[in-house]
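Student: With the input below, show me the fold.
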Amino acid sequence: MRENGGVFSLELSDEDIAADVVNGKRELFRLLIDRHERRVTGLGYSFFHSADDVADFVQDVFLKAFRSLPQFQNRARFSTWLYRIAYTSALNQRDRRKEYRSLSENDYESAYRTPEEEHIKVLLRDAVRQAVTELPEKYRICVDLFFFYDRSYNEIEMITGYPVNTIKSHVFRAKKLLREKLKGFVEGDIL
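Tutor: Numbers count the residues shown, from 1 in each chain. So this is what the prediction gives:
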């Protein structure tokens with residue numbers, strides 16, 4: 001990491017930090033963990049149902065990333081490369097899980113809402129959660145990566161190995177199915 005007057009710059013990109021780690025500043029890998037641990041954990045909860053399994057998964061992903069860092073070639077963003085490792089690791093551990101569980105199934109904390117707002121939020125979340133769980137797995141993973149992880153179609157291709165046109169088709173079909181399933185529940189064109 002580069003110093004500026006004795007103070008480390010926190011404005012370095014993931015790619016710059018990765019290069020510094022490869023060049024011997026191994027302790028800086030902690031910055032990459034800090035930046036991406038939450039999202040890798042979220043992906044872990046999509047595949048595994050216990051906190052212990054998720055913790056093992058996250059540790060395994062970052063260990064693989066650290067060991068593979070010299071092969072990172074900046075052809076994609078670091079986060080895309082890391083999520084590819086995470087996704088592949090999760091798929092390779094399918095025997096440790098029953099089935100893919102969408103990120104929409106995770107419980108989210110409610111903060112600063114009135115009781116009425118919270119009740120509406122819970123009803124909406126439950127309706128969306130149920131609708132998403134009824135999607136085919138190939139649609140759910142594309143929807144999660146596109147909407148919840150804010151990944152582009154090209155990044156999803158790099159992560160899942162699905163061609164971009166297939167991903168677009170999966171997201172389009174998933175949105176159509178969700179719109180139909182939630183038609184009577186939500187007014188307006190949200191999806």
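Student: residue contacts, His22?
Tutor: One thing to correct before we go on: residue 22 is Val, not His. By CB atoms under 8 Å, 6 or more residues apart in numbering, the contact set of Val22 is Leu69, Pro70, Phe72. All C-beta spots, glycine's among them, are computed from the backbone N, C-alpha and C.
Student: Next, give phi and psi for the second one.
Tutor: Phi and psi for Pro70, reported as degrees, to the nearest 10, are phi -60, psi -20.
Student: roughly how far apart are the closest residue to it other than its chain neighbours and Asp56?
Tutor: Spatial nearest neighbour of Pro70, chain neighbours left out: Val22 (5.4 Å); criterion: CB to CB, 6 or more residues apart in numbering. As for Val22, its distance to Asp56 is 26 Å (criterion: CB to CB, to the nearest Å).
Student: Same question for Lys64.
Tutor: For Lys64, the distance to Asp56 equals 12 Å [CB to CB].
Student: count of neighbours near Asp14?
Tutor: By other CB atoms under 10 Å, 17 other residues sit near Asp14.
Student: was I right about it contacting Asp34?
Tutor: No - Asp14 lies out of contact with Asp34 (CB atoms under 8 Å); the separation is 11.0 Å.
Student: Does anything pack onto the one helix or strand Asn154 maps to? Which helices or strands?
Tutor: Taking DSSP states H and E as the criterion, Asn154 maps to helix 153-160. With contacts taken as 3 or more CB pairs under 8 Å, 6 or more residues apart in numbering; DSSP states H and E, helix 153-160 sits against helix 78-92, helix 137-143, helix 164-181.
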